[in-house]
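> task: produce atomic coordinates for the following.
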Amino acid sequence: MQLVSIPDGDKITCIIANETMGWVLEIAKKMRINVAAFWPALVDCNTSCELEAAAFTLFAQILPGGPLLASNRLGKSVGYFWPEDSDCLAWLNKQPPQSVIYVVALGSFTVFDPTQFRELALGLELTNRPFLWAVRQDLTTETDNAYPEGFKDRMQGRGRLTGWAPQQQVLSHPSVACFLSRCGWNSTIEGLCNGVPFLCWPYFADQFLNESYICDVWMIGLGFERDANGIIPQEEIKDKIEQLLTGGEYKKRALDLKAKVIDNNKNDGSSGKNFSNLVQWIKDEKNHSCIEQS
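Alright, predicted model coming up:
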């Protein structure tokens, strides 16, 4: 949290805080300041879209909104954990349209089993397709010997390894064909807004729920099957990538969903209207109650 000074004569009219920061909500109520509890993840009602819609109808103070991407209004995101590799965009410019597998391996703090890491690398090699792989330095417990022997030499020209990519710009690039992701909600939204099919590799928490929506409800992606040792083998990785990229129905559905998301977020769409109503509520000093926004 960042502390800021308030100019003389001005006052705080509203606080927007993450739902998990209950103490902020309580302080705002005691100070009689408008407060909106913000929940950035997916809201679920037994993974049924119909039940979820009914929940929003029953609880009028919950306002579904978004996607809240910086590129929609400000044009640039801030606050990355590691320095971005903007040069990867120049590399993407040299690749054929709809050819690159974008891999975030995987997430901001996941630690990979060394065997699984090598299987992922070999699976990407087996596809014989170009790939952009965002690999943190602390991704595995054996950083120095993480890659299969000779992997980097064999992938020269076809694969690019980077520490941290400008994800929204990558996903919107015409050369990107699919997104291998942990399915965190931010990444899910960014993929949806760019019409990119998913390969789902969830790790914990809501990522499994997001995977079920991607694969079973929206049908814009595929998950992986593990072997008896709990490892996703290289052949499974290769097969699912081929299945996703040779089946045009996944891309078509992803583009259809992208169009719906964009329309819904316009000023005359339901999310756009909810956002406008929230802004108006913030401006109205008569309001001193809590609302929740999802």
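
> quick one: residues in contact with stretch 208-225.
Here stretch 208-225 makes contact (CB atoms under 8 Å, 6 or more residues apart in numbering) with 42, 44, 47, 49, 183-185, 188, 192, 197-202, 232, 236-237, 240, 243-244, 249-250, 253-254, 257. C-beta coordinates here come from the backbone N, C-alpha and C atoms, glycine included.

> which of these fall within strands?
Counting by DSSP state E, the part of those found in strands is 198, 199, 200.

> in CSV, list these along with pLDDT.
Formatted as CSV, the ones in strands among the contacts of stretch 208-225 follow (pLDDT from 0 to 100):
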residue, pLDDT
198, 96
199, 97
200, 96
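
> among those residues, which ones are buried?
198, 199, 200 (16 or more other CB atoms under 10 Å).

> let me know the secondary structure of the residue nearest to the second one when sequence neighbours are not counted.
If I follow you right, that is residue 199. Counting by CB to CB, 6 or more residues apart in numbering, residue 199 lies nearest to residue 180, which is 4.2 Å off, once chain neighbours are set aside. What DSSP: H, G, I helix; E, B strand; the rest coil gives for residue 180 is strand.

> in the stretch 151-294 of the chain, where is pLDDT below threshold?
Low-confidence segments of the stretch 151-294 of the chain, defined by pLDDT under 70: 267-269, 285-294.

> so residue 25 makes contact with residue 35?
Yes. Using CB atoms under 8 Å, residue 25 is in contact with residue 35, at 5.4 Å.

> helices or strands up against the longest helix anywhere in the chain?
If each helix of the chain is counted by residues according to DSSP state H, the longest one is helix 248-265. Counting contacts by 3 or more CB pairs under 8 Å, 6 or more residues apart in numbering; DSSP states H and E, helix 248-265 packs against helix 185-193, helix 270-283.
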